Each structure stands twice: as structure tokens, then as C-alpha cells.
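**Q** can you look at this prediction? I've put the sequence above it.
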Amino acid sequence: MVKKQTVWLLTMLSLLIVLSVYYMTSPDNGEMAFIQDEEWSEMTDEASGEENVEVSGEDTVISQISTEELFATIRLEQQNKRDQLQEQLSEIVTSSDFTAQEKNEALERMETIKERQSKESILENTIRAGASYEDVLVRAEDDVIYVSVKASELSKTETNDIIQMVSDEFGEKTVQVQFQPAS
């Protein structure tokens, strides 16, 4: 049990470090696209103020991590997090300490995680093939879908196309699209 807690703690610390580097090196606020349908525009305005990270001035620290490494690290951390959750849910299903309803809920959550992973993978491949991007990272978290594209720039048309692809795959969700220049 202690070993699992140690692994969990190290994984969470690694995730914290990766996300910190990610947000510190994210593009300037003008390069981040937050585009929604008109009915979501008010929510987007509020979220963009909270989500943008401004990097300016001569004091800026530039990380040596490449976009490729960043995408791979985020994918790995996301997979580790999901694997741990799947393991916890599996323990619930196999344990005699839980009711049949709790076991069914755990099974449903496991299925939801697998479905989400599948949709993310399909969407990444669809976006990558649709516009020949070098790499695409899709992260579905609750009601927000984050799409990061490895490209030198992203036009409004390309962003709208990506949002449409996300809507086709996930339905009506809030979508945040950004691009990461190749490094």
C-alpha cells in the first residue's frame, strides 16, 4: 500500500512539474485560441481571462523542452493518471467490501475512461491527417476538450475546423484550441 502511495505521489509531482513547464512556455495570450459557439461566448470570455498565461519582458525563462517532448510527457502523465484510476476502480470491482451498485458504477467509470481514450486517439489522428500537422494532443477533461496542435500558426478557419471535429466526436463541449510552434 505504501508503494502505491509513493508511486502516486511521484506521479502527481511529475504532473505538476510538467504542467508548470507547459504553462510557463505556452504562447503569448494573442496566440491562444478560445473559440466557442455564440451561446458559450460569455463563458469563454471569463475562462480566457483565467486560463491565459502572459509571458512578456526580458525576464522570461525559456525552457529547453521541445514540443515533441512536451506532448509525449503530457500523454505519459495522462496515461499514468488513468492507469491508476483504472486500478482503483478494478480493486472496487473485485473487492467484497463494496455493494453491487458501487461495483456497477466503477465498471461504468472504467468504460467511460476507455471510451474517452478512444475518442481522443481517433480525434488526434483525424486532426493530424486533415491538415498534416506534425503532432496533435487532445485531452478530454470533464466538460472541456483541450486541443494542442504542433504548428507554426493556426488560422481561424483551421481552428473552426478543429472545433467542428471535436464536436463531431464528443458532442457539445467547451473546446480550447491552441498551437505550439515546433522547437
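**A** Perfect, I can see it now. Numbers count the residues shown, from 1 in each chain.

**Q** any idea which element Ile145 lies in?
**A** Assigned by DSSP states H and E, Ile145 belongs to strand 144-150.

**Q** which residue sits farthest out from the middle of the chain?
**A** Ser96 (34.4 Å; CA atoms, centre = their mean).

**Q** just the helices in the protein please.
**A** All helices of the chain, identified by DSSP state H, fall at 2-25, 41-51, 67-94, 100-131, 156-170.

**Q** out of those, which gets the lowest mean score?
**A** Per-stretch mean pLDDT for the helices of the chain is lowest at helix 41-51 (a mean of 37).

**Q** quick check: bridge partners of the residue nearest the centre of the chain?
**A** In the chain, the centroid-proximal residue (CA atoms, centre = their mean) is Arg139; its distance is 2.5 Å. Applying DSSP bridges to Arg139 gives these bridge partners: Tyr146.

**Q** oh, and call the first residue 608 from now on, that's how I've got it
**A** Let's use 608 as the start, then, which means that last one is Arg746.

**Q** got a list of what it touches?
**A** Residues near Arg746 by CB atoms under 8 Å, 6 or more residues apart in numbering: 681, 685, 727, 752-753. Backbone N, C-alpha and C define where each C-beta goes, glycine included.

**Q** widest-spaced pair of those residues?
**A** Of all pairs drawn from those, the greatest distance, 14.3 Å, lies between Ile681 and Ile752 (CB to CB).

**Q** the two: which has the busier surroundings?
**A** Ile752 (25 against 18; other CB atoms under 10 Å).

**Q** wait, that one touches Val782, no?
**A** Yes - between Ile752 and Val782 there is a contact under CB atoms under 8 Å: 5.0 Å.

**Q** what do those two both touch?
**A** Contact criterion CB under 8 Å, 6+ apart; residues shared by Ile752 and Val782: Val773.

**Q** distance of Arg723 relative to Ser703?
**A** 29 Å (CB to CB, to the nearest Å).

**Q** oh, that last question was meant for Ile681, not what I typed.
**A** 37 Å.

**Q** same check, this time on Ile729
**A** As judged by CB to CB, Ile729 and Ser703 stand 37 Å apart.

**Q** could you do Val751 as well?
**A** Using CB to CB, we find Val751 at a distance of 37 Å from Ser703.

**Q** do the same with Glu731
**A** Distance of Glu731 to Ser703, computed by CB to CB: 39 Å.

**Q** one more: Lys757?
**A** Distance from Lys757 to Ser703, by CB to CB: 48 Å.

**Q** then Gln693?
**A** To Ser703, Gln693 is 20 Å away according to CB to CB.
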